[in-house]
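Undergrad: Need a 3D model of the sequence below.
(chains A, B, C and D)
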There are 2 protein chains.
Amino acid sequence: MNLKELAERLGLSQTTVSRALNGYPEVSEATRERVTRAALQHGYTANANARRLAMGRVGAIGIIIPADSSQRFGPHTAEFLAGLAERLSAHEIDFLISPLINNDEISVYKRLISSKRVDAIIVSHPALVDERITMLAKAGFPFVLHGRTEADVPHSWLDIDNQGAFYQAASHLLDLGHRHIAMIDGLKGFTFSEHRELGYRQAHLERGLPIDERLIIHDRFSDDIGFAETLRLLSCEPQPTGIIAGSMMTALGVSRAIRAKGYQVGKQVSLIAHDDVFPYLNASNMVPSMTTTRSSIRAAGTRIAEMLMLQLDGAAVTAMQEVWPVELILRQSSGPPVR
Amino acid sequence: MNLKELAERLGLSQTTVSRALNGYPEVSEATRERVTRAALQHGYTANANARRLAMGRVGAIGIIIPADSSQRFGPHTAEFLAGLAERLSAHEIDFLISPLINNDEISVYKRLISSKRVDAIIVSHPALVDERITMLAKAGFPFVLHGRTEADVPHSWLDIDNQGAFYQAASHLLDLGHRHIAMIDGLKGFTFSEHRELGYRQAHLERGLPIDERLIIHDRFSDDIGFAETLRLLSCEPQPTGIIAGSMMTALGVSRAIRAKGYQVGKQVSLIAHDDVFPYLNASNMVPSMTTTRSSIRAAGTRIAEMLMLQLDGAAVTAMQEVWPVELILRQSSGPPVR
DNA sequence: CTTATTTTCCAAAGCGCTTTGGGAGGGATC
DNA sequence: GATCCCTCCCAAAGCGCTTTGGAAAATAAG
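TA: Below you'll find the predicted structure:
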């Protein structure tokens, strides 16, 4: 069943049927009603490809995911996507997930743009200097960046205050009297990771306290890494009494390692984690409950979808830029150092 | 830059250019070379919509995700998608994630089909009686089911041996001498959930042991639920000495609750979890290391993508059906009951 | 040197939709 | 009763690609 058939069956022109279905004012309410009913009855839906071809609009936004993706297609990405979906569903917009081939992200983006399969792109995990941003901006293709970059081209982005988060966490521990604080965060090179390290350093600097470079660790976010690195850290001399973990996954490993060494979390070793808020992992329910810097990555997804819609609807396309604050929530896993 | 322009610039017809780029044999190698080079140089990629419109093929497969998706868009889905991506990327096939609106899954599927946006669909989380399967089969639309259903229509599916998994887990605990074993699994109604319960019951039945219905719990997979339910269970009389958890997330909560009650995992209370294998959560690294029934959900995704490709390539479209065995891996979290 | 066969390329007809630029028909206005 | 203006509808021209059915050029066969 296509438009032509439907029109014939109704004794109307294709034009009228198309207009009736797309809500144009040039058709009478009676006809519109009749058309809508017939469409429903015959299960007619416009062929999306033809529609897009004719309109030049696509009705989908693109996201690029590494193919061998243990790395980035983890729980963070999933939550983020869930947030996007929440908002985009209202607009009947789908998303197209392109697997990343050969790690040549730039060419995947170019392919996505020139094959006209998406109206806009969401870019994630920016590095401080990120070729993708300049390329997309130069190409004039609509996109929103999740995160921040130092590129000096106008574009929309949303980021959380990663520096502030780790600044608060480190400050809190330092003020409690901790003097050897480790941080186990994400991979180096990404903006969020660098910003967090900056916050950590800033807290020390402001207090005139030295930094032990061996205590700054960058790696993937995973339970394993948290566990292994913490075991290693706790064998160092002097032993760190506080640990800041970049993700809840990491924190799970850290807290296991602390227990495995025979210490108690929040006593001999304090732990603060950054919590992206996973529905299946609740910091306040943990034992001991976990002190966290919290910011919902799902909410960020929703807001980014919104920004994208605004941008696509032409409105004020002046770049929207938002930094979300991160709150430090004190719970039982952090306390003054104990001998 | 479109086909027409490119053809003009090359002094060739659109036909020839199109054929050259799509590998048809009717063009000389010399011309093909020339065309390919020019396309690359001018950054030409065929407009996907026009291409699909002309060909009737789409180059994308559809997946449906709940919009308010704390429920199902969790780590399991993410891992599964990662598996799909791994395989599909080789074929330059994208996937289209349609958010589920109003929970009316059937109509979303129908829309997806009739709008011709995907070549095939992947269906997840089947119920024992699942309307979607019969609908898709009747419509003759290519799809692969992740899981199983009782519908008597020919279709491809891949499932793991959920019944066997819980049968093994329960049997192991029973054989160790446990007599009060709880299971905290996924929501009722889904096939996997029912099959697991079946396995659990079978183990008891075969040994002529009674089942305490209060010990069978169905709910979402989450840390919280695991925690709360376990606290409740451990206040029951008689107290269960073994718990089987349907997911690693649940198991995290369970093991926290066990410790919170002052017991040790693997001593007073044994714990076996089903492990879908998350790269950021490693059962053997836990403390104590976790006895699991293991089956990689990512691998399942990869295989399902493969089945889909086979089906689309027309080959033997006789329904492919696979049940993957699940292995019980004994570690420290399960042992004989201790007073 | 013809004639039959390939090889190599092309014009034009769709694919199913949106949208431009009008054209009937029916009230309202004078 | 003629004129004007809406309201409601339509024919036809794209959107950018693939593919059918030939035709011209090059090669092989007689």
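Undergrad: Around chain B, pick out the residues from the stretch 201-339 of chain A.
TA: A:220-224, A:227-228, A:249, A:252-253, A:256-257, A:259-260, A:279-282, A:285-287 (Cβ under 8 Å from any Cβ of the partner chain). (Each C-beta comes from the backbone N, C-alpha and C, glycine too.)
Undergrad: Kindly write the PyMOL command that selects the buried subset of those residues.
TA: Selection of the buried residues among those in PyMOL, burial being defined by 16 or more other Cβ atoms under 10 Å in any protein chain shown:
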select buried, chain A and resi 220+221+222+223+224+227+228+249+252+253+256+257+260+279+280+281+282+285+286+287
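Undergrad: Which of the residues of the stretch 201-339 of chain A next to chain B fall within strands?
TA: Residues of those located in strands (DSSP state E): none.
Undergrad: Let me see the domain layout of chain A.
TA: The record assigns chain A these domain ranges, following automatic domain parsing: A:3-46, A:60-160+A:299-324, A:162-296.
Undergrad: and among those domains, the most buried is which?
TA: Among the domains of chain A, ranked by average contacts under mean count of other Cβ atoms under 10 Å in any protein chain shown, first place goes to domain A:162-296 (a mean of 21).
Undergrad: how about low-confidence regions in chain A?
TA: Along chain A, segments meeting pLDDT under 70 span A:66-73, A:89-90, A:92, A:99-103, A:314-318.
Undergrad: Spit out the contact partners of the closest residue to DNA strand C within it.
TA: Closest contact between chain A and DNA strand C, by Cβ to the nearest atom of the strand, is at residue A:3 (2.7 Å). Taking Cβ atoms under 8 Å, 6 or more residues apart in numbering or on different chains as the contact definition, residue A:3 lies against A:14, A:17-18, A:44, A:46.
Undergrad: Distance check, it against residue B:118.
TA: As for residue A:3, its distance to residue B:118 is 20 Å (criterion: Cβ to Cβ, to the nearest Å).
Undergrad: which SS class is residue A:85?
TA: helix (DSSP: H, G, I helix; E, B strand; the rest coil).
Undergrad: What distance do you get for it to chain B?
TA: 4 Å (Cβ to the nearest Cβ, to the nearest Å).
Undergrad: how about the residues of the stretch 51-200 of chain A that lie near DNA strand C?
TA: A:51, A:53-55 (Cβ under 7 Å from any atom of the strand).
Undergrad: Check which helix or strand the residue nearest to the spatial centre of chain A maps to.
TA: Geometric centre of chain A, nearest residue: residue A:80, 4.6 Å, by Cα atoms, centre = their mean. Taking DSSP states H and E as the definition, one finds residue A:80 inside helix A:75-88.
Undergrad: partners of the next helix or strand after that helix in the sheet?
TA: Using DSSP H and E, the helix or strand that follows helix A:75-88 in sequence is strand A:94-100. On the basis of DSSP bridges, the sheet neighbours of strand A:94-100 come out as strand A:60-66 (parallel), strand B:94-100 (antiparallel).
Undergrad: is it true that residue A:148 touches residue A:160?
TA: No: in this structure, residue A:148 is not within contact of residue A:160 by Cβ atoms under 8 Å, at 9.5 Å.
Undergrad: ok, which residues in chain A are in contact with DNA strand D?
TA: Counting by Cβ under 7 Å from any atom of the strand, chain A sits next to DNA strand D at A:11-16, A:26-31, A:50, A:53-54, A:56.
Undergrad: In helices, which of those residues fall?
TA: A:14-16, A:29-31, A:50, A:53-54 (DSSP state H).
Undergrad: Between those residues, which sits nearest residue B:135?
TA: Checking those against residue B:135 by Cβ to Cβ gives residue A:50 as the nearest, at 24.3 Å.
Undergrad: Show me the helices in the stretch 151-300 of chain A, by range?
TA: A:162-176, A:191-206, A:223-234, A:248-260, A:297-312 (DSSP state H, counting those that start in this stretch).
Undergrad: Can you add distance to residue A:240 and give these back as a markdown table?
TA: Below are the helices of the stretch 151-300 of chain A laid out as a markdown table (distance: least, Cβ to Cβ, whole Å):
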| stretch | distance to residue A:240 |
| --- | --- |
| helix A:162-176 | 10 |
| helix A:191-206 | 13 |
| helix A:223-234 | 5 |
| helix A:248-260 | 11 |
| helix A:297-312 | 27 |
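Undergrad: Residue A:334 is nearest to which of the ones you listed?
TA: Comparing the helices of the stretch 151-300 of chain A against residue A:334 with Cβ to Cβ, the closest turns out to be helix A:162-176 (6.6 Å).
Undergrad: And for that closest one, what's in contact with it?
TA: A:181, A:183, A:185, A:191-192, A:195-200, A:202-204, A:206-207, A:209, A:242, A:244, A:270, A:272, A:274, A:291, A:293, A:295, A:325-326, A:328, A:330, A:334-337.
Undergrad: cool, and stretch A:57-67?
TA: Here stretch A:57-67 has contacts from A:48, A:52, A:72-73, A:77, A:81, A:84, A:88, A:92-101, A:103, A:105, A:108-109, A:112, A:116-124, A:308, B:49, B:81-82, B:85-86, B:89, B:96, using Cβ under 8 Å, 6+ apart.
Undergrad: Distance from the chain centre to it, please.
TA: 14 Å (Cα atoms, centre = their mean, to the nearest Å).
Undergrad: got a list of contacts for stretch A:6-20?
TA: So stretch A:6-20 is contacted by A:3-4, A:26-27, A:31-32, A:34-36, A:38-39, A:42, A:44 (Cβ under 8 Å, 6+ apart).
Undergrad: check whether it contacts DNA strand C.
TA: Yes: applying Cβ under 7 Å from any atom of the strand, one finds stretch A:6-20 in contact with DNA strand C at A:14-15, A:18-19.
Undergrad: so how far is the first residue of that stretch from its last?
TA: Counting by Cα to Cα, to the nearest Å, you get 12 Å between the two ends of stretch A:6-20.
Undergrad: and residue A:116, which of the three is it?
TA: Three-state assignment for residue A:116 (three-state DSSP): coil.
Undergrad: check contacts around it.
TA: A:52, A:56, A:58, B:47-49.
Undergrad: ChimeraX command to pick out the buried ones of the residues you listed?
TA: In ChimeraX, a selection of the buried entries from those looks like this (16+ other Cβ under 10 Å):
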select /A:52,58 /B:47,48,49
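Undergrad: which phi and psi does residue A:47 have?
TA: phi -70, psi 120 (degrees, to the nearest 10).
Undergrad: wait, it sits on residue B:52?
TA: No: here residue A:47 does not reach residue B:52: they are 9.2 Å apart, not a contact under Cβ under 8 Å.
Undergrad: Which pair of the ones in helices among the residues of chain A next to DNA strand D spans the longest distance?
TA: A:30 and A:53 (30.9 Å).
Undergrad: Surely residue A:183 touches residue A:243?
TA: Yes: between residue A:183 and residue A:243 there is a contact under Cβ under 8 Å: 7.4 Å.
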